[in-house]
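> Next input, structure requested:
(one chain, ligands or ions: 1)
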Amino acid sequence: MPLEILTFVGGPVETNAYLVADTEKNEALVIDAPHETTAAIVAEAAARGWTIGRIVITHTHWDHVADARALREATGAPLAAHPLAVDNLANPTSFFGMLPVEVPPVETDETLADGAAVPLGGHVFTVMHLPGHDPSHIALVDENREIFLGGDVLFPGGHGRTDLPGADQAVMNASLRRLVAVLPPAARVLPGHGAPTTIGAEAPWIGMLREP
Ligand SMILES: [Zn+2]
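Numbers count the residues shown, from 1 in each chain. Next comes the predicted model:
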């Protein structure tokens with residue numbers, strides 16, 4: 001059964017949202033909710049006859065969640081995030097302080113811990129908890145380990161920032177090593193910013209990271 005993945009870029013730091021669909025069952029999920037992406041995502045899903053059944057938030061940094069409430073209201077889909085994300089999603093201003101865009105509070109409908117299953121039509125994604133950039137950070141891997149919807153963990157040639165509150169370089173290194181151990185080199189990485197890459201393309205520098 002084919003999976004189709006569309007990318008929507010939004011907000012001042014060009015954050016990627018992904019609309020992922022099982023095109024046989026016409027069921028879809030959305031990864032992350034950057035500023036002012038809701039209208040385009042909802043319109044594209046409607047045009048293709050896809051029903052958005054879930055919104056998965058990779059982590060609670062403002063650029064990934066600014067439209068979370070708008071997208072949840074527009075789709076009626078449950079919002080899913082790691083247990084450590086719930087308080088930040090419900091109270092974004094106190095967590096973030098001054099923000100470049102408005103980030104309305106949003107309720108979490110479903111919590112996803114490491115190993116949780118996220119069904120999508122005839123497919124099942126598995127949740128990986130990958131802290132280091134943010135304590136609440138999760139990513140999704142499909143059942144064939146071909147697609148890694150990774151948020152701000154891994155980018156072409158680098159990883160998510162570790163100089164932010166809650167970030168930790170040693171924890172990030174451990175998360176990256178785990179990725180290389182678990183995913184095959186051909187696995188496609190769809191990151192929270194910028195272009196896709198593969199695990200195999202990034203494995204050499206990850207292999208040189210210091211052990212804690
Ligand atoms: Zn981030």
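> For residue 45, give me phi and psi.
phi -60, psi -40 (degrees, to the nearest 10).
> excluding its backbone neighbours, what's nearest the most centrally placed residue in the chain?
Note on the chain: the residue nearest the mean C-alpha position is residue 58, at 3.4 Å, using Cα atoms, centre = their mean. Once flanking residues are discounted, residue 58 sits nearest to residue 151: 2.9 Å by Cβ to Cβ, 6 or more residues apart in numbering. Backbone N, C-alpha and C define where each C-beta goes, glycine included.
> so how far is residue 32 from the one you found?
When distance is defined by Cβ to Cβ, to the nearest Å, residue 151 is 7 Å away from residue 32.
> Give the intersection of the neighbour lists for the two.
58, 64, 192 (Cβ atoms under 8 Å, 6 or more residues apart in numbering).
> Next, the contact list for the second one, please.
So the one you mean is residue 64. 15, 32-34, 57-58, 151-152, 192.
> just curious, which of those is nearest to the ion?
residue 152 (3.8 Å; Cβ to the ion).
> contacting residues for the closest one?
58-59, 61, 64, 133-134, 137, 160-161, 191-193.
> And for the nearest residue to residue 142 once chain neighbours are set aside, the neighbour number?
Leaving aside its sequence neighbours, residue 142 sits nearest to residue 125 (Cβ to Cβ, 6+ apart; 5.5 Å). Residues near residue 125, counting by other Cβ atoms under 10 Å, number 25.
> same thing with residue 211?
7.
> Also near the ion: which of the contacts of residue 64, exactly?
Among the contacts of residue 64, the ones lying near the ion by Cβ under 5 Å from the ion are residue 152.
> Spatially, which two of the contacts of residue 64 are the most separated?
33 and 152 (14.1 Å; Cβ to Cβ).
> Surely residue 153 is in contact with residue 178?
No - using Cβ atoms under 8 Å, residue 153 is not in contact with residue 178, being 10.0 Å away.
> Could you name every residue contacting both of these two?
Shared contacts of residue 153 and residue 178, counting by Cβ under 8 Å, 6+ apart, come down to residue 130.
> which of those two has more neighbours?
Per other Cβ under 10 Å, whichever of residue 153 and residue 178 has more neighbours is residue 153, with 26 against 14.
> what residues are up against that one?
130, 132-133, 137, 139, 159-160, 172, 175-176, 179, 191.
> which one is it nearest to, not counting chain neighbours?
Counting by Cβ to Cβ, 6+ apart, the residue nearest residue 153 is residue 130, at 4.9 Å.
> okay, now the residue nearest to residue 58: neighbour count?
28.
> partner residues bridging it?
Residue 151 has these beta-bridge partners by DSSP bridges: residue 191.
> ok, back up a step: redo the contacts of residue 152 as JSON lines? Include pLDDT and secondary structure.
Shown next, in JSON lines, are the contacts of residue 152 (pLDDT from 0 to 100; DSSP: H, G, I helix; E, B strand; the rest coil):
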{"residue": "58", "pLDDT": "98", "secondary structure": "coil"}
{"residue": "59", "pLDDT": "97", "secondary structure": "coil"}
{"residue": "61", "pLDDT": "94", "secondary structure": "coil"}
{"residue": "64", "pLDDT": "97", "secondary structure": "helix"}
{"residue": "133", "pLDDT": "97", "secondary structure": "coil"}
{"residue": "134", "pLDDT": "96", "secondary structure": "coil"}
{"residue": "137", "pLDDT": "98", "secondary structure": "coil"}
{"residue": "160", "pLDDT": "96", "secondary structure": "coil"}
{"residue": "161", "pLDDT": "95", "secondary structure": "coil"}
{"residue": "191", "pLDDT": "98", "secondary structure": "strand"}
{"residue": "192", "pLDDT": "98", "secondary structure": "coil"}
{"residue": "193", "pLDDT": "98", "secondary structure": "strand"}
